Structures are given as structure tokens and as C-alpha cells.
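Q: generate a structure from the sequence data that follows.
(chains A and B)
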Protein chains: 2
Amino acid sequence: VLVLGGGFAGLEACRALRGAPCEILLVDRQNHHLFQPLLYQVATAGLSGSDIAQPLRSMLAGQSNVQVHRATAVSIDLASRTVAFRDEPDPIEYDHLVLGLGLVTNWFGHASWSRYAIGLKTLHDAYRIRDRMLDAAEAAENLVDDPDERRRLLTTVVVGSGPTGVEMAGAMAELGRREIETEYRIVRAHQLRIVLVSADDRPLSSFHPELSRRTLDDLRSLGVDVRLSSPVRDLREGEVVLDGETIAAHTIVWAAGVRAPSIVHGLGVPLDRVGRILVEPDCSLPGHPNVFAVGDLAAMRVDPGDPGGPGDPASRFVPGVAQGAMQSGAHVGRTIRDRLRGGAVSVRPFRYQDRGSMATIGRAKAVAEIGGRRFGGLVAWLLWLFIHLAFLIDLRSKASVLLKWIAAYVFYRPSNRIVAAAPTDDETADGGHLRSTPSRGRVV
Amino acid sequence: VLVLGGGFAGLEACRALRGAPCEILLVDRQNHHLFQPLLYQVATAGLSGSDIAQPLRSMLAGQSNVQVHRATAVSIDLASRTVAFRDEPDPIEYDHLVLGLGLVTNWFGHASWSRYAIGLKTLHDAYRIRDRMLDAAEAAENLVDDPDERRRLLTTVVVGSGPTGVEMAGAMAELGRREIETEYRIVRAHQLRIVLVSADDRPLSSFHPELSRRTLDDLRSLGVDVRLSSPVRDLREGEVVLDGETIAAHTIVWAAGVRAPSIVHGLGVPLDRVGRILVEPDCSLPGHPNVFAVGDLAAMRVDPGDPGGPGDPASRFVPGVAQGAMQSGAHVGRTIRDRLRGGAVSVRPFRYQDRGSMATIGRAKAVAEIGGRRFGGLVAWLLWLFIHLAFLIDLRSKASVLLKWIAAYVFYRPSNRIVAAAPTDDETADGGHLRSTPSRGRVV
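A: Numbering: from 1, shown residues only, chains lettered A, B, ... in the order given. Just a heads-up that it's a prediction; the model follows:
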């Protein structure tokens, strides 16, 4: 059994195969599993990378039928049942294949935009955002006589008003202001400007309109400048072009959309608009009962009996959240285990259990929808806190995260604002390095 | 008062000037103070960068006469009393100048060696070492049919047997073995090879010979291959050349020496063999009573009445440790404060109080010399633990560090083994980035 991707879906697929009579190879291009829902806290200096990540090798150490391999898949050949990896001469053969590769940042065809904005899908992205904002604040503090340039340095635009964009903007406004107020001498807190730009007419459009209103109020009370129904027309170096306005901003965060990685286009199976694989009710690929797609790479219907066709797609497909990934991964793992044990190929449709959704905006500010009930404010925020801590159990970093959250709540003190600058020429004797290094610095 | 460098010395100088009638500008090219004595634990994945670093701005937030500025000094003009900084048009003028720039890795004139080995002076260095070792272990696990190459990948050479080299080698052997044993399937723990190479005839040569013997026993019991009286003749890509032997090693750590940064050569004051400034008894520069050097950048005599001349320099100069830096920084801060208050220029010689020295080799293995008494084993290790935790108080990360140390002691589990790989082309749409990125990955 070959599992591509060690996210929530791939990991759960491996775990469901514990004790099954098979050899599992889990391949990921990173050495770690990442707790994606908290990635924005790394980008805003609240948590460190190791708080929300854990080596895959360590998470699966107790399961003897799994091997972990670090490599990047470059092509999948369904006919010969092989996957080829970068820098490896021989492709790997499989009997069962589980695709849990996840999605990547979608620049909607504007290839150059990735030069001017930073997505938020990997730890690398999160460090770049943190680095850029901290560098900008230092530069603004050192700059005394150019108010326009200082304004540009202190402006951050977040594009996209889904949970990622809302959580980013809220955390930036709250933590950034307090940090500037207590630690900076020249820059003043009110000069920090966070703009949330969205093509939608309300934030968190997948939530109930009442919670969108609450979110908008909460964001505005934190001082976030929210621009709704404002599609981005162009991105340039340090500039976001909207209809009738151009915002000068040193930091631009792109949380406006995701798409499937290019590798899926070689599969020859039907894909949706953003490249997600339109899977059968049991998550297998059409015509390939031994190949499965799980997590947000798969377009899975909430009702497996849904025949397809027109209608509101948002409400008919499983959302790309951790719950959907974990449930589909576990489902496929169990399906493979049963086949290996029983011999008979039974098609068991996957049924998604919606456990609710939530987003946090700031200190004691959050929104949640659970089982048709809606929550806001402190109640939603405490719910959010306990649910996220409970799910971090796998990462063995609950205590560290809890301490940092308490510190942030009580002191408003983000704890991970360290920039590990690359060495100067003087330190390397001749400027030579074992490997290329970032040009200015890196936040850790 | 201009203070260059936010290490132990510069920070203590600022603190001693609390409430003094002056404006202090603290300039560092990093945004953080680094607890250098624990840097090897970041390199061996035991701690994260934010555990041992704290933003300077945050540490000095409560002191209203200090401003923190992030910049890199490029030249100091003692005649015009100005310091010039990279990328800044105007030099900064000072009345009093405190030089606490610290030392950098000494490649002893072999400029190319910095391409083949990694020093251990900055967080950036520590991440590179960690990254390189973790990548090598992954590669060795994936490689099945080339025993020589696997041996090379799993070999790490640490050059230098001072505290840094000894602590690195011990931690690598202990944590690395245990990690491989529990989490790897193909690589076996005994295949991990740590070689400690030194030109000295005993490790920790500044300690009592009895403790050197104990250290040697401890290192060997951890499986470290210790090569004494073995000066390095050459470094090449993946190779360390000794007299009569060449060791093939993927990772080479250089802990063999330090030197002053090049900027001191423009000062026109007497320097010692490695560029440290030969200061007056009050730590001022000869002929410049308003300019001071502190910390390990200054060659300060233990006995301020020592007239100089021949003799064993090691026992006559203050060692380059945190205690010496903190004491000299505080002394100079008080000297400046008294001058500003009293007006009269009094020369107060700096007297170093030796509070002892210690090094840790592994779990319950350490050596310590305090007030003429010598300790080894568990007692020394507990001493080391409490003293280091006590000094971390400034960094507000004691709880996090203590938890990680307990986890490492009980489970032998290094907690920071996350490699934040740079994005693939697919993720960046066209391979363009806001800034250059590392070629393969980065451990965080």
C-alpha cells in the first residue's frame, strides 16, 4: 500500500491499516505532519513551527507495518501501477494507492503574483510572512523622515475572507498593535494597518450570515480595514490593485484560494474546476478500484447517493477541512484492510459526519457552528481552544502550546519573533556556504 | 551612549544604565538576544530557536532610555566619534561607545573551509547543522545498496574539543542513536558515527586534567570516536583530512576556534592574536577613555594590575564565557553612569569573579569546576541544569525548556526535528519568490 502525503488524510489511512497484512510506504516531501489549522499562528509569531508539526517517522514509530520515505512524487502511472519520484531512478510499484497530496495555493493563472504575495500552505510560507512583517516593523522604526514609505512598510493586505484570511487578519491586528505599543519607540500602534480584501460580500461566506456579521464586527473592533466585494485586479511589487484603488503594502498575504497540485493532470481521471479528483462514493478513482483520493484533494459528495449535476456545489461536497480529511483517510484505510483480509471487494460509500466549523478572530472573539447551533464571542473562543488543544494530542506539544496561549492571552505577548539572519561575509570568511541561504534573514 | 551588540555584555551594559541621564542606542544585526551556551541544543534538535532567544526590543521594553535598532556596523571612526552602518546614509555619532560585538568562527586563514564545514555561533548555523544531519539520516534510510555512501551520510565530524565541541558530540551521539533506534527501519543505531577531532591532547583543556579524563570516558561510553592530538590538515567537500587519515563525513561541525570580526582592524588599537582588543584595566580602549570593549571581544586581564608580558595567556585573561561578558558589560555600564552623574572621570578597574565553569556531555553526564571543587556525573549535570534554567529567566521560556528537557531525559525524544522545506516549482506557480530561498530545506 503506497500512501502519498502525510497530512491528516494520509496519516489516518496509515493508522486504519495498523495490524493489516500489508506493507505500507508513506511518502511525503516534508519530514513532518503539519497541524494546518494553526499555521496562521506561526505566521503571526504566536507559535513556533515545532509546536504544530511532528516528524512523521516519530508519529508512526509504533506501527511496524509502515515505512516513512521522504521524496517528491513527480508522476503517477495508473496503467503500470507505479509512481516516479524526483531524483530516484526507479519508480515504486503499488497494489493499493492512496492519494492524500492536499492542495496548493491557487494564483488563478497569474503566475507572477506568487512573486509579490505569500500564500499560507506550508511552514515555509508561515516563516516568510512572519519574517517580512517583523523586518518591516524594524525598518519603519529606523526610518524617520519618509511618512509614505513608513505607511507602506506598516501596511499588510490579506487577500481572502475564508477562515485563513479572517484568522490571519485578526491575529495580526491584535498581536501586532500590542507589540508595537509596548516595545517600539517611534512607530505608534495606530500606524499598523491591516487590510482584509475579499471578492465576497461577507467574511466566512460558508458560515451562517449571522456569524459573518459578528465576524465583521469583531474584525472592525480590532481595527482591521475590511474591504468586501473588492476583487483583486492585479498584484505588483508592494501594491494591491482593486477596482478604483491601489493599496501600497509591504506584506501581501494570499489566502484567496487553493488548487490541486499539477501531478493530478496526468492521471486521466475527471477533475473539478480546481483540479480536485471527482471520486466514486468509496473515494476510489473511476475505473481504478485500487486507487483512492482522500482529504481535500478529493471532491467527495456529502451524500454518496448524489447523482451529480447542477446545484450549489459548496453544500454538496465535503469541505476541505481537517475533519473531512481524517474521516476519508480512515475510511479508505478500513476499506483496504477489509479487502486484504476478506478477499471480496465490497464498495462501501464514505459518509461525511459534519462535526461543525469554527474560526477564531482574536482574544475571546470567535464564531462556531456546531450541530445547527451558532456561537460567538467568549463561548465560541473557549470551544475553539479546547477542540484545538484536544486534536494537538498527537503532536505532544499541548503543554507548550497551552503555555504560549496563556501568555498571549494574559500578556498579549507573541513568543516567536526571532529572525535568524543569514551570515554576513565576515562570518563566512569568503562568503561561501554549504548551501544557498536566504538573502536577508529568516524568522524562526 | 551607543552600544554595539546585544549579547550578554551589551545587554548588561544597557541595564546598568537604567535611569542614567542619557539616551542609549543598542544596535545589533539580529533582532534578538541569544543564549549562546545552549546553542548546541538547537543544533541537535533538543530546543527550538525561540527557546533560547528573545527579541532585544522586548527584553528592554521596560527601560525608557534605550532604543533598539537593527543594523550592521561597517566601520568605526574613533577620531570623529561616529559609527557607519550598512545601507544607512548617515553615520551615528556617540559620546560613549560600548563594543560588545562578540567573536566569529575562526577558519584560521583557510577561507574555503567555511564551504565544507559549519560553525556554531548563530541560530542560522545551528539550523544548518540540524537540517544537514536530519537530511542525511533520511537519505541513508532511503539508500539501500551503497554501504560506503550510507556510512558517509551517517558520519559527523566535530572539530574542536572545547565545551562547544564536547557538548555537540555528546548530544548528537545520545539523541541521534535513540532516535534512529526507535523510528528508523533500515538504518541501525550503531551505524551513526560521531567523530570528535582535536589538536589538543585532552578534551576541555581549560578544565582540570581529572575532569578531562572523566569527559573522555563519558564521551567514549556514548560511542563517540575521540581523536586527540589530531590537527586538521585540510577540509574538502565531505572529507576531513588528518595526519595519515581522511574521514569521509557528510556533516562537519567546526568548533575549533573564534576570532574578532574584521571591523576591529580599522580601530588602530592593539589587538591580540585572534583580534581581541587589548583593553585598559577599566575596559576602555587605550587613548580613548570614552570607548569600551566588553565581553569576549575584549582581552581583559583577570588581575587588572597585571603589567602584561610573557606567561600563560589562558590563565591571565578573562575566559570568553557568559559570566565574563555579563560582568564586564555591567561594569562598563556603571562606569559610564557614574561619569554622567558625577562629572569626574574615575578609572575603576574591572575585576573578574570566576564563578566556575561546566560542560554537559549527556544524560546525567557532566563536569563542573566551582570554587576549586570538581564535580562529575549526575551531581554536575543537575548543577548545570539548575544554573542554566536560572539564567534563562530573562528569556521567559524556562517552562518550555524544562518541559523539553524532561521529555528528552525520560523519553530521549528531541522535540525539534521539523524541516521546513522550500516550495517546489508547482507551489510557486512560476518558481518566483519574494526573496531567495534555501535550495533544499530548512530545519526549524
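Q: where does pLDDT dip in chain A?
A: By pLDDT under 70, the low-scoring segments of chain A are A:144, A:306-315, A:343-346, A:392-444.
Q: for it, which segments count as helices?
A: A:8-16, A:39-43, A:56-59, A:113-116, A:123-142, A:147-153, A:163-183, A:209-221, A:313-316, A:322-342, A:377-391, A:398-411, A:425-428 (DSSP state H).
Q: A:His208 and A:Ala322, how far apart?
A: Look at A:His208 and A:Ala322: by CB to CB, to the nearest Å, they are 20 Å apart. All C-beta spots, glycine's among them, are computed from the backbone N, C-alpha and C.
Q: hmm, back to that, output the helices of chain A as TSV; include the columns distance to A:Gly49.
A: Output for the helices of chain A, formatted as TSV (distance: least, CB to CB, whole Å):
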stretch	distance to A:Gly49
helix A:8-16	17
helix A:39-43	6
helix A:56-59	15
helix A:113-116	21
helix A:123-142	5
helix A:147-153	25
helix A:163-183	16
helix A:209-221	26
helix A:313-316	32
helix A:322-342	18
helix A:377-391	16
helix A:398-411	12
helix A:425-428	24
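Q: let me have the ones you listed in TSV, extended by distance to chain B and mean neighbour count.
A: TSV is the format used below for those (distance: least, CB to the nearest CB, whole Å; neighbours: other CB atoms under 10 Å in any protein chain shown):
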stretch	distance to chain B	mean neighbour count
helix A:8-16	14	27
helix A:39-43	9	27
helix A:56-59	4	24
helix A:113-116	4	20
helix A:123-142	4	23
helix A:147-153	13	16
helix A:163-183	4	23
helix A:209-221	25	18
helix A:313-316	24	11
helix A:322-342	19	21
helix A:377-391	15	16
helix A:398-411	5	17
helix A:425-428	5	16
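Q: nearest to B:Leu278 among those helices would be which one?
A: helix A:425-428 (20.8 Å; CB to CB).
Q: quick one: name the residues of the stretch 151-300 of chain A near chain B.
A: A:Glu179, A:Thr182, A:Glu183, A:Tyr184, A:Arg185, A:Ile186, A:Pro261, A:Ser262, A:Ile263 (CB under 8 Å from any CB of the partner chain).
Q: what is the most widely separated pair among those residues?
A: A:Arg185 and A:Ile263 (50.5 Å).
Q: more neighbours, those two?
A: Taking neighbours as other CB atoms under 10 Å in any protein chain shown, A:Arg185 and A:Ile263 compare with A:Ile263 leading, 19 against 14.
Q: picking up where we left off before, so which of the helices of chain A comes closest to B:Arg70?
A: helix A:123-142 (4.5 Å).
Q: packing partners of the closest one?
A: Of the remaining helices and strands, those touching helix A:123-142 by 3 or more CB pairs under 8 Å, 6 or more residues apart in numbering or on different chains; DSSP states H and E are helix A:39-43, helix A:147-153, helix A:163-183, strand A:251-254, strand B:66-70.
Q: any chance of these in CSV, with distance to B:Asp87 too?
A: Shown next, in CSV, are the helices and strands packed on helix A:123-142 (distance: least, CB to CB, whole Å):
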stretch, distance to B:Asp87
helix A:39-43, 26
helix A:147-153, 14
helix A:163-183, 23
strand A:251-254, 20
strand B:66-70, 11
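Q: for B:Gly165, find the nearest of those.
A: strand B:66-70 (30.9 Å).
Q: give me the angle between the closest one and helix B:8-16.
A: 150 degrees (axes from the mean of the first three to the mean of the last three CA atoms, to 10 degrees).
Q: off-centre distance for strand B:66-70?
A: Strand B:66-70 has its C-alpha centroid displaced from the chain centroid by 23 Å (CA atoms, centre = their mean, to the nearest Å).
Q: can you list the strands that it pairs with?
A: Here strand B:66-70 is paired, per DSSP bridges, with strand B:24-28 (parallel).
Q: who touches the strand it pairs with?
A: The contact list for strand B:24-28 (CB atoms under 8 Å, 6 or more residues apart in numbering or on different chains) reads B:1-6, B:10-11, B:14, B:17, B:56, B:60, B:65-71, B:73, B:83, B:85, B:92.
Q: now the angle between helix A:123-142 and it, please.
A: Using the same axes, to 10 degrees, strand B:24-28 lies at 150 degrees relative to helix A:123-142.
Q: dump strand B:24-28 to CSV, keeping only the CA atoms.
A: Provided in CSV are the C-alpha atoms of strand B:24-28 (Å, rounded to 0.1, in the frame of the first residue of the first chain):
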residue,chain,number,x,y,z
ILE,B,24,21.1,54.7,24.8
LEU,B,25,21.0,53.3,21.3
LEU,B,26,21.6,49.5,21.2
VAL,B,27,22.4,48.3,17.7
ASP,B,28,22.5,44.6,16.7
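Q: now that strand, how far from the centre of its chain.
A: On CA atoms, centre = their mean, the centre of strand B:24-28 falls 21 Å from that of its chain.
Q: ok and it relative to helix B:322-342, angle-wise?
A: Using the same axes, to 10 degrees, strand B:24-28 lies at 150 degrees relative to helix B:322-342.
Q: circling back to that earlier point, name the nearest of the residues of the stretch 151-300 of chain A next to chain B relative to B:Asn106.
A: A:Glu183 (34.9 Å).
Q: my guess is that closest one meets B:Gln54, correct?
A: No: with contact defined as CB atoms under 8 Å, A:Glu183 does not reach B:Gln54; the gap is 11.3 Å.
Q: my read: A:Thr215 touches A:Ile361, true?
A: Yes: applying CB under 8 Å as the test, A:Thr215 and A:Ile361 come out as touching, 6.1 Å apart.
Q: need the overlap of contacts for the two.
A: A:Val166, A:Val367.
Q: and the helices and strands packed on helix A:123-142: which comes nearest B:Pro349?
A: strand B:66-70 (26.4 Å).
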